[in-house]
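Novice: Just need the structure, nothing else, for what follows:
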Amino acid sequence: KEPAVQKVRAGEAISAFYLVGDASGLGFGSGFFNQDGLEYQAANWGDRWKNETSNWKEAYNLATRIEEKAEEGILDDAELFVFTDNEVFEGTFYKGHSTSFKLDQIDLHLLMLERKTGCILHVIHIA
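Specialist: Model (predicted):
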């Protein structure tokens, strides 16, 4: 009945945060930067995840951390710059579609998270 609202510009009072992450080989990690400093997490993938693609692992690693921050309320009306060396994740995030159903699900989840929190996500590929 009511159309979905998607923010495209920041309001007057907005916080910007930075998230960088990587998921290569057997492990994954991410660093979240805000005005208080750096929060870093790292771990190893369990056997359950060993057959997933590296593109999915990278996207899932970052999306999980974004979701944690959203649940803490940190992303409400904030702007988050997400840096990744996964060009596929960046592309599917902005296109809103992937040939991979699992990547599509991550993108859809992040879109819904943006709408729920009012945050603006920027996924940026870095080599």
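Novice: Low-confidence ranges, this structure, go.
Specialist: 7-15 (pLDDT under 70).
Novice: just so I have it, where are all the strands in it?
Specialist: 16-22, 27-34, 37-44, 79-84, 120-125 (DSSP state E).
Novice: Look up how far Phe32 lies from Leu38.
Specialist: 7 Å (Cβ to Cβ, to the nearest Å). The C-beta positions use only the backbone N, C-alpha and C, and glycine is treated the same way.
Novice: who has more neighbours, these two?
Specialist: Phe32 (21 against 10; other Cβ atoms under 10 Å).
Novice: Which residue comes closest to the more buried one once chain neighbours are left out?
Specialist: Nearest residue to Phe32 in three dimensions, chain neighbours excluded: Glu39, at 4.6 Å (Cβ to Cβ, 6 or more residues apart in numbering).
Novice: burial measure for the one you found, as a count.
Specialist: Should you count by other Cβ under 10 Å, Glu39 turns out to have 14 residues around it.
Novice: That one reaches Gly21, doesn't it?
Specialist: No - using Cβ atoms under 8 Å, Glu39 is not in contact with Gly21, being 11.8 Å away.
Novice: shared neighbours of the two, which are they?
Specialist: Residues touching both Glu39 and Gly21 (Cβ atoms under 8 Å, 6 or more residues apart in numbering) are Gly31.
Novice: residues in contact with the residue most central in space within the chain?
Specialist: The centroid of the chain falls nearest to Ala63 when counting by Cα atoms, centre = their mean (3.8 Å). Counting by Cβ under 8 Å, 6+ apart, Ala63 makes contact with 106, 109-110.
Novice: where does Leu113 sit relative to Leu80, distance-wise?
Specialist: Counting by Cβ to Cβ, the gap from Leu113 to Leu80 is 10 Å.
Novice: who's more crowded, the two?
Specialist: Shown here are Leu113 and Leu80; by other Cβ under 10 Å, Leu80 has more neighbours (24 against 18).
Novice: Quick check: the gap between that one and Gly25.
Specialist: Leu80 is 26 Å from Gly25, where distance means Cβ to Cβ.
Novice: For the protein, just list every one of the helices.
Specialist: Secondary structure of the chain (DSSP state H): helices at 54-71, 87-95, 101-117.
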